[in-house]
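# Show me how the following folds:
(one chain, ligands or ions: 1)
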Amino acid sequence: MCPWCREVFKALGAHWQHNPRHAPEPTRRQREILTGLLFGGGAYTGPLSTPSVQATVKNERLAEWLETELDSLKVNVRVDGETYYISTPSNPALKPYFQNWYSKQEEPRPPNTSELTPLVAKVWFAVNGHAKNGAIHLRASYAVRNLGWHRELFREVGFNPWRENPTLVFPVEQAKELLDYMGEPLPGTTEEWEQVRSNSSMNV
Ligand SMILES: [Zn+2]
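Sure, this is the predicted structure:
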């Protein structure tokens, strides 16, 4: 159902393309979540006039959390086996924020309004991060060949990860600080956090 006119459409994206005023505007929090999804390998189908953000997650509780958080954008969650496919309908209101993400000639660039926040980092960690011997690995999209600007965003908030493309590695001495920066774990990610915490306490 379109939240603006309350009519039911099979293809909300097509309806919003013809009636852009009906398209729901993402909140700041939702933009941060979508940015985290894109950093973690999600896809942005730009630069079309009505772009969509898509991502896959392997974690039911995380998929439920994303569905709740992105509800006002009418996000669709489809499950196939153990994989959850998350996608927003095509939504022209996403364009101002993410149109720089994708261009055919170059690799993805940060969204226009991009800055790192604890929530962006936390969503990235949740969808494509893991703990390994007390270090934290954040894996980016395969399309990203150079994580230079990802690393720059982390440097701006005091971290100095190294690159093993397409992954940013936070060694043990930075990993716990990164957890502190990110705050409370997202649903379904507590186990990985505990691994980092227990490892770093052994090393301190
Ligand atoms: Zn409508």
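# now the helix or strand where Ile33 lies, how far from the centre of its chain.
If you go by DSSP states H and E, Ile33 is part of helix 28-39. Relative to its chain's centre, helix 28-39 lies at 5 Å (C-alpha atoms, centre = their mean, to the nearest Å).
# helices or strands next to it in the packing?
Counting contacts by 3 or more C-beta pairs under 8 Å, 6 or more residues apart in numbering; DSSP states H and E, helix 28-39 packs against strand 53-57, helix 60-69, helix 95-98, helix 118-128. The way it works is simple: take the backbone N, C-alpha and C, and place the C-beta from them, glycine included.
# go with 7 Å
The contact analysis (3 or more C-beta pairs under 7 Å, 6 or more residues apart in numbering; DSSP states H and E) places helix 28-39 against strand 53-57, helix 118-128.
# Which strands or helices does the last one pack on?
Helices and strands in packing contact with helix 118-128 are listed as helix 28-39, strand 135-139, helix 172-182; criterion 3+ C-beta pairs under 7 Å, 6+ apart.
# Among the ones you listed, which comes closest to the ion?
helix 28-39 (19.0 Å; C-beta to the ion).
# What strands flank the helix or strand just after that closest one, and is each parallel or antiparallel?
Sequence order places strand 43-44 as the next helix or strand after helix 28-39, per DSSP H and E. Paired with strand 43-44 in the same sheet, following DSSP bridges, are strand 53-57 (antiparallel).
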